[in-house]
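**Student:** Build the 3D model from these lines:
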Amino acid sequence: MSEYINLVLCESPLQLSNCIKVLSNNNQVQKSFFIIRLNGMQKNDLLIKKIISDHKLKHYVVEINIASTLTSKLHIRFLHLYVLFLLSKSNVINIFIGDARNKWMINSNTLFFYKNKNVFFIDDGMATLNSISYIERLQSKLVKKITVFTSFDIQSNIVDIMKVDKKKKEVQIDEESIIFIGSPLIEKNITNKSKYIDVLIKIAEKNKHFSNRVYVLHRAENALTEKELLLIGFNQVISLEMDVVTAFDTGLLSAKQIVGFYSTALCQIDDLFININVIAYYPRVDFFEETFIENINHVYKYFIDSTSVNVIDI
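**Tutor:** Numbers count the residues shown, from 1 in each chain. Purely as a prediction, here's the structure:
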């Protein structure tokens, strides 16, 4: 561990990919040690393992047992202690954090060890928009200026914002296809199954002029079966072995129109591909549980103010 100057902490394919992109720009991947938490969901964990293998990352992985709350808490506690141990024994000078609000990545104890380090936060999808004020509050507890690497249009007078370059390109599109990007809203108790189905029926009906209506499952979705989604009005249900953006970039997915709710994938597709029409549907007020409304509305506002994603009420 002593030969590494970068310690990277992450727990999702998006966090891991974004960390690698930033480090690759400065040829720092091989000077980095990755601590990665797997969440026990097969699709999520297989994608992370593929990224690790593809990039030959030096890493330590802990898999959380989602069936046991006690075991999960013990694993997270162990990760926290392991991070502290590495920092006390290594030459690490840079800390890359994938999730600003994750307690094993950053907390009151680790802040003491991070105090004189260079601390970097990496895009964690749309969650980054709602984390920036928290990151700014952390600045007062650190000696060196925090840097946030982001593709979003974020402004701050407190921390440094480093914009990640976005290269737009055209991709081949299927004029007869529309793709709905699924979200684990039921699984996360952000809405319930009946409300989700009702809105999906409206979306499928609204877009019935497309001969091919495809539902792309999020890796964390399991509340709706393929049969249920086909009965709702979709012609095809796809479960990807890669992230959505890569699927479009490689031509595995193709459509004239991409729709969904407020997912990161919508923003990424809008950023990267110039000839795809991207729509974010905004359901009626009582669709989302009240606890989540403020953060969700913040994302929709960002879509309206800073992107060409078309927000449509439904």
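
**Student:** Now do the SS call for residue 15.
**Tutor:** Classification of residue 15 by DSSP: H, G, I helix; E, B strand; the rest coil places it in helix.

**Student:** is it true that it touches residue 98?
**Tutor:** Yes: at 3.0 Å, residue 15 and residue 98 qualify as touching, with contact defined as Cβ atoms under 8 Å. Using the backbone N, CA and C atoms, a C-beta is placed for each residue, glycine as well.

**Student:** Give the residues shared as contacts by those two.
**Tutor:** 122, 124 (Cβ atoms under 8 Å, 6 or more residues apart in numbering).

**Student:** Find out how far the helix or strand of the chain with the lowest mean pLDDT is from the centre of the chain, if you would.
**Tutor:** In the chain, the helix or strand scored least confidently by mean pLDDT, DSSP states H and E is helix 69-89, which has a mean of 75. Centroid separation between helix 69-89 and its chain, computed with Cα atoms, centre = their mean, to the nearest Å, is 23 Å.

**Student:** tell me what it is packed against?
**Tutor:** Counting by 3 or more Cβ pairs under 8 Å, 6 or more residues apart in numbering; DSSP states H and E, the packing neighbours recorded for helix 69-89 are strand 6-10, strand 32-38, strand 59-63, helix 108-114.

**Student:** if we go to 7 Å?
**Tutor:** strand 32-38, strand 59-63, helix 108-114 (3 or more Cβ pairs under 7 Å, 6 or more residues apart in numbering; DSSP states H and E).

**Student:** List the buried residues for it?
**Tutor:** Buried residues in helix 69-89, counted by 16 or more other Cβ atoms under 10 Å: 72, 75, 76, 79, 80, 83, 86, 87.

**Student:** Quick check: closest non-adjacent residue to the residue nearest the centre of the chain.
**Tutor:** The chain has residue 125 as the residue nearest its centroid, 3.8 Å off, counting by Cα atoms, centre = their mean. Spatial nearest neighbour of residue 125, chain neighbours left out: residue 264 (3.4 Å); criterion: Cβ to Cβ, 6 or more residues apart in numbering.

**Student:** wait, doesn't the one you found sit right on residue 128?
**Tutor:** No: if you go by Cβ atoms under 7 Å, residue 264 and residue 128 don't touch, sitting 9.0 Å apart.

**Student:** Go through the helices and strands packed on helix 69-89 and pick out the most buried.
**Tutor:** strand 32-38 (a mean of 22; mean count of other Cβ atoms under 10 Å).

**Student:** Direction included, what does that strand pair against?
**Tutor:** Using DSSP bridges, strand 32-38 pairs in its sheet with strand 6-10 (parallel), strand 59-63 (parallel).

**Student:** low-scoring stretches of this structure, by residue?
**Tutor:** Scanning the chain for pLDDT under 70 picks out 1-2, 65-72.

**Student:** go with 80
**Tutor:** 1-3, 63-78, 80, 88-90, 165-167, 285 (pLDDT under 80).

**Student:** Quick one: the helices in it, in order.
**Tutor:** Secondary structure of the chain by DSSP state H: the helices cover 13-25, 42-55, 69-89, 108-114, 132-138, 193-206, 226-232, 244-249, 264-272, 290-306.

**Student:** Show me what the longest one is in contact with.
**Tutor:** Contacts of helix 69-89 from elsewhere in the structure, counted by Cβ atoms under 7 Å, 6 or more residues apart in numbering, are 1, 7, 9, 35, 37, 62, 64-66, 92, 104, 107, 109-110, 113.

**Student:** Which two of the residues you listed have the greatest separation?
**Tutor:** 66 and 92 (29.8 Å; Cβ to Cβ).

**Student:** More neighbours: the two, which one.
**Tutor:** residue 92 (22 against 12; other Cβ atoms under 10 Å).

**Student:** Chain neighbours aside, what residue packs nearest to the more buried one?
**Tutor:** Nearest one to residue 92, counting by Cβ to Cβ, 6+ apart, is residue 7 at 4.5 Å.

**Student:** Provide a list of residues in contact with the one you found.
**Tutor:** 33, 86, 92, 95.

**Student:** As TSV, the helices of the chain with distance to residue 218 would be great.
**Tutor:** Converted to TSV, the helices of the chain look like this (distance: least, Cβ to Cβ, whole Å):
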stretch	distance to residue 218
helix 13-25	12
helix 42-55	9
helix 69-89	21
helix 108-114	30
helix 132-138	24
helix 193-206	12
helix 226-232	12
helix 244-249	9
helix 264-272	9
helix 290-306	16
